[in-house]
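Enquirer: Dropping a prediction and its sequence here:
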Amino acid sequence: MANVHVVVVNYNTAGLLRRCLDHLFASDSSHPFDVTVVDNGSSDNSLRMVRDDYPQVRGLRSERNLGFSGGNNLALRRIVADGPGGAAREHEYVLLVNSDLFVEPGTIQTLVDFAESRPTVGVVGPRIEKPDGTLDLACRRSFPTPANAFFKLSGLSRRFPGHARFAAYNLTNLDDRELTEVDAVTGACMLVRLAAIDRVGLLDEAFFMYGEDLDWAYRIKAAGWQVFYNPATRTLHQKGATSARQSGRMIVEFYRAMNLFYRKHYASRAPRPLNWLVAIGIAARGALALVINLLRPAAKKRVI
């Protein structure tokens, strides 16, 4: 029997967080699990709600917004330190869940059973659907190599979703109902083996939001573990359900993360002119995204 440590990072999402926790505790799992909520300096009394209504949940509070990586690491440090020693860590898992994501009753059971059946699996993520029922493309990805990023940002991947080369980043050429070994899944819902975390370390806090899940998967794969997308269970991700417009901070962080990931994992192996071209391309695409976003209807803004 495996043990699962669920971590939910929250920032001013009390209503969504309540639904998230209700779905987690409705899980039918033979594997025992505990839940930690990390509050990233919220002002909506989220943590008080958790402590009053969910006494079985461990609540941790940061006085400031640490972002996705920093918030999760606040809990992960305790989990890593308090976990069992030796081979038992092969059967200990961390499940990262966004506060706006709702699991099916069998999600924990399905993901853990799959990982337990394949000792080389370091990460596995479920099928994630958006509120309209379509696939959240972030739930199965290849790494954003310069070529993959170009095809994505240029729109070629959207224009030719069935083309193996152009669609490589989001793998839209593959059947989303099939179990698939991938480069990365999304941090919105990802099960990670504790032994893999022991090998590669925690999330990189240089990524405030966006890109940290890709970076973690990159390091985990480099250490010899496999990453899988498992659509045998599905989850619902409410992202974007209440707003068509993102905050400027979110857009800036997305493109900053792209640049950081490239510099960390590819720049040292690439010729200098290519590095310049990538930096210019990311900056230009980010500026365009900010302009397009400003033209969308104004809506409530939130940053993790």
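Expert: Yep, it's here.
Enquirer: give me the number of residues near the closest residue to Asp136 other than its chain neighbours?
Expert: In this structure, Asp136 finds its nearest non-sequential neighbour in Ile128, 4.1 Å apart by C-beta to C-beta, 6 or more residues apart in numbering. (C-beta placed from N, C-alpha, C; glycine too.) Applying the criterion other C-beta atoms under 10 Å, we find 25 residues in the vicinity of Ile128.
Enquirer: before we move on, what about the one 4 residues further on?
Expert: The criterion is other C-beta under 10 Å. On that basis, Asp132 has 7 neighbouring residues.
Enquirer: Which elements pack onto the helix ranked longest in the chain?
Expert: As far as residue count goes, and with DSSP state H defining each element, the longest helix of the chain is helix 272-294. Other elements packing on helix 272-294 under the criterion 3 or more C-beta pairs under 8 Å, 6 or more residues apart in numbering; DSSP states H and E are helix 146-153, helix 248-265.
Enquirer: May I see the buried residues of the longest one?
Expert: Of the residues in helix 248-265, those buried under the neighbour-count criterion (16 or more other C-beta atoms under 10 Å) are 250-251, 253-262, 264-265.
Enquirer: Leu74 and Val112, how far apart?
Expert: 23 Å (C-beta to C-beta, to the nearest Å).
Enquirer: who's more crowded, these two?
Expert: More crowded of Leu74 and Val112, by other C-beta under 10 Å: Val112, with 24 against 20.
Enquirer: So for the helix or strand harbouring the more buried one, what gets flagged as buried?
Expert: Assigned by DSSP states H and E, Val112 belongs to helix 107-117. With burial defined by 16+ other C-beta under 10 Å, the residues of helix 107-117 counted as buried are 107-116.
Enquirer: Okay, now the unreliable bits of the stretch 201-304 of the chain?
Expert: Residues of the stretch 201-304 of the chain that meet the criterion pLDDT under 70 lie in 240-246, 298-304.
Enquirer: picking that back up, quick one, which of the helices and strands packed on helix 272-294 gets closest to Arg159.
Expert: helix 146-153 (9.6 Å; C-beta to C-beta).
Enquirer: Among the buried residues of helix 107-117, pick out the one closest to Leu101, please.
Expert: For these, the closest approach to Leu101 (C-beta to C-beta) belongs to Thr107, at 9.9 Å.
Enquirer: Does the closest one touch Pro126 like I think?
Expert: Yes. Contact status for Thr107 versus Pro126: in contact at 5.8 Å, counting by C-beta atoms under 8 Å.
Enquirer: which residues do these two both contact?
Expert: Shared contacts of Thr107 and Pro126 (C-beta atoms under 8 Å, 6 or more residues apart in numbering): 189, 233-235.
Enquirer: Out of the residues you listed, the closest to Leu214 would be?
Expert: Proximity of the shared contacts of Thr107 and Pro126 to Leu214, judged by C-beta to C-beta, is greatest for Cys189, which lies at 14.9 Å.
Enquirer: thought that closest one was touching Leu236?
Expert: No. Using C-beta under 8 Å, Cys189 makes no contact with Leu236, being 10.0 Å away.
Enquirer: mind listing what the residue nearest to Val7 when sequence neighbours are not counted touches?
Expert: When the adjacent residues along the chain are set aside, Val7 lies closest to Ala75, with 4.5 Å between them (C-beta to C-beta, 6+ apart). For Ala75, the contacting residues are 5, 7, 36, 38, 58, 60, taking C-beta under 8 Å, 6+ apart as the criterion.
Enquirer: where's Ala75, which helix or strand?
Expert: Applying DSSP H and E, one finds Ala75 within helix 67-82.
Enquirer: Could you tell me the angle between that helix and helix 248-265?
Expert: Direction vectors for helix 67-82 and helix 248-265, defined by axes from the mean of the first three to the mean of the last three C-alpha atoms, to 10 degrees, enclose an angle of 60 degrees.
Enquirer: Just the CA trace of whichever helix or strand comes after helix 67-82, in PDB.
Expert: The element immediately downstream of helix 67-82 (helix or strand, assigned by DSSP H and E) is strand 92-98. As requested, the backbone C-alpha atoms of strand 92-98 are provided in PDB (Å, rounded to 0.1, in the frame of the first residue of the first chain):
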ATOM      1  CA  GLU A  92       5.500   7.500  -1.200                       C
ATOM      2  CA  TYR A  93       3.900  10.000  -3.500                       C
ATOM      3  CA  VAL A  94       3.200  13.700  -3.700                       C
ATOM      4  CA  LEU A  95       0.100  14.800  -5.600                       C
ATOM      5  CA  LEU A  96       0.100  18.500  -6.600                       C
ATOM      6  CA  VAL A  97      -3.400  19.800  -7.200                       C
ATOM      7  CA  ASN A  98      -4.400  23.300  -8.100                       C
END
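Enquirer: Good, wrapping up.
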